[in-house]
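generate coordinates for the sequence data below:
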Amino acid sequence: MGLMQVTVRPSQERREVAAATVEALLTQLGLHRDAHLVLRGNEILTADVRLKTDDVLDIIPVISGGSRP
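Numbering: from 1, shown residues only. Got it, this is the predicted structure:
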């Protein structure tokens, strides 16, 4: 398994990580999968997606908010 380039936003922290799936990647980085989106280009990846050597990924926190009544 090779390394992939990961940028964790909004801090722009860049890491090289080896992981087989999106879920394994988030676990390795200590991030909760329901609180983060993982993108490969413009594609949002689900937790079960197998990652490829040399993938370039962005991890973005999910921001939710409600509307006021």
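
shaky segments in this protein?
1-2, 64-69 (pLDDT under 70).

90 instead?
1-3, 10, 33, 53-54, 63-69 (pLDDT under 90).

tell me which stretches of it form helices.
22-29 (DSSP state H).

hey, where'd the strands end up in it?
Ranges of strands within the chain are 4-8, 13-17, 36-40, 43-45, 56-61, based on DSSP state E.

C-alpha coordinates for the last one, PDB please?
It refers to strand 56-61. Output of strand 56-61 as PDB, limited to C-alpha atoms (Å, rounded to 0.1, in the frame of the first residue of the first chain):
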ATOM      1  CA  VAL A  56      -4.800  13.300  -3.600                       C
ATOM      2  CA  LEU A  57      -7.500  13.800  -1.100                       C
ATOM      3  CA  ASP A  58      -9.100  16.700   0.800                       C
ATOM      4  CA  ILE A  59     -10.800  16.300   4.200                       C
ATOM      5  CA  ILE A  60     -13.400  18.900   5.000                       C
ATOM      6  CA  PRO A  61     -15.300  19.200   8.200                       C
END
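
give the buried residues for that strand.
If you call a residue buried by 16 or more other Cβ atoms under 10 Å, then strand 56-61 has these buried ones: Leu57, Ile59. C-beta coordinates here come from the backbone N, C-alpha and C atoms, glycine included.
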